[in-house]
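*Asks:* Here is a sequence with its predicted model. Questions after.
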Amino acid sequence: WISKDDKKIVNKALSQSMLTLGPQLEKFESDFCKYSNSKYAIAVSNCTAALHLSLMALGIKKNDEVIIPDLTFVADANAILACNAKPVITDINKENFFLSISNIKKNITKKTKAIIAVNLFGHPAQLHELKKIAEDNDLVLIEDNAQAPLAREDGTYTGLIGDIGVFSLNYHKHMHTGEGGICTTNSDELAFKI
């Protein structure tokens, strides 16, 4: 569903000399911060780029291991591989389709540096539990919010429980800009790196 106002804004952007950067993007990022309660929202070309930039900002490098669920889109693994790191594909729970806590614990090694939680079908992926596991094991937590923008867990928006949240703005997602992605964080340092 695209409203007349949406079309007017798109036409206004198309009539300006800057299609990819400029005032419309700055307004969008500012509005996204307001809606998501995040300090920073950084728009990028797509969610895969958001994942890749997040991993790089968090210092994921060659031979590091990153835990991901076995029910996810290939972008999670691709972003990890783009950092020359290793995706550790971990089983989900049959009951809720989220990462199995016991399987995560079994897969943590000395090389494990991060967990990517995938929020599915508009639901948060037991993020507070995952955050505790991450903190207890000196890991970082990235939230893949491609399917759950502005969902909440215990009153907190997805994208803010982990260190970085990433969102897809592809045409077939809940919120879209035709194509695009966005990273959210409350960390000055991570926002600067992204």
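*Replies:* Perfect, thanks for sending it.
*Asks:* what about the chain, any weak spots by pLDDT?
*Replies:* 19, 170-179 (pLDDT under 70).
*Asks:* Quick one: the helices in it, in order.
*Replies:* Assigned by DSSP state H, the helices in the chain fall at 4-14, 23-36, 47-57, 75-82, 101-107, 127-136, 188-193.
*Asks:* wait, residue 165 sits on residue 148?
*Replies:* No. The criterion here is CB atoms under 8 Å, and residue 165 misses it with residue 148 at 9.7 Å. (Glycine included, C-beta is placed from N, CA and C.)
*Asks:* Common neighbours of these two, please.
*Replies:* residue 158 (CB atoms under 8 Å, 6 or more residues apart in numbering).
*Asks:* picking that back up, most packed of the helices of the chain?
*Replies:* Of all the helices of the chain, helix 47-57 carries the top mean neighbour count, a mean of 24, counting by mean count of other CB atoms under 10 Å.
*Asks:* ok, back up a step: export the helices of the chain to CSV and tack on distance to residue 92?
*Replies:* Listed next are these as CSV, based on distance: least, CB to CB, whole Å:
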stretch, distance to residue 92
helix 4-14, 36
helix 23-36, 25
helix 47-57, 19
helix 75-82, 13
helix 101-107, 8
helix 127-136, 12
helix 188-193, 27
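*Asks:* Figure out which of the ones you listed is closest to residue 159.
*Replies:* Smallest distance to residue 159 across the helices of the chain (CB to CB): 5.6 Å, for helix 23-36.
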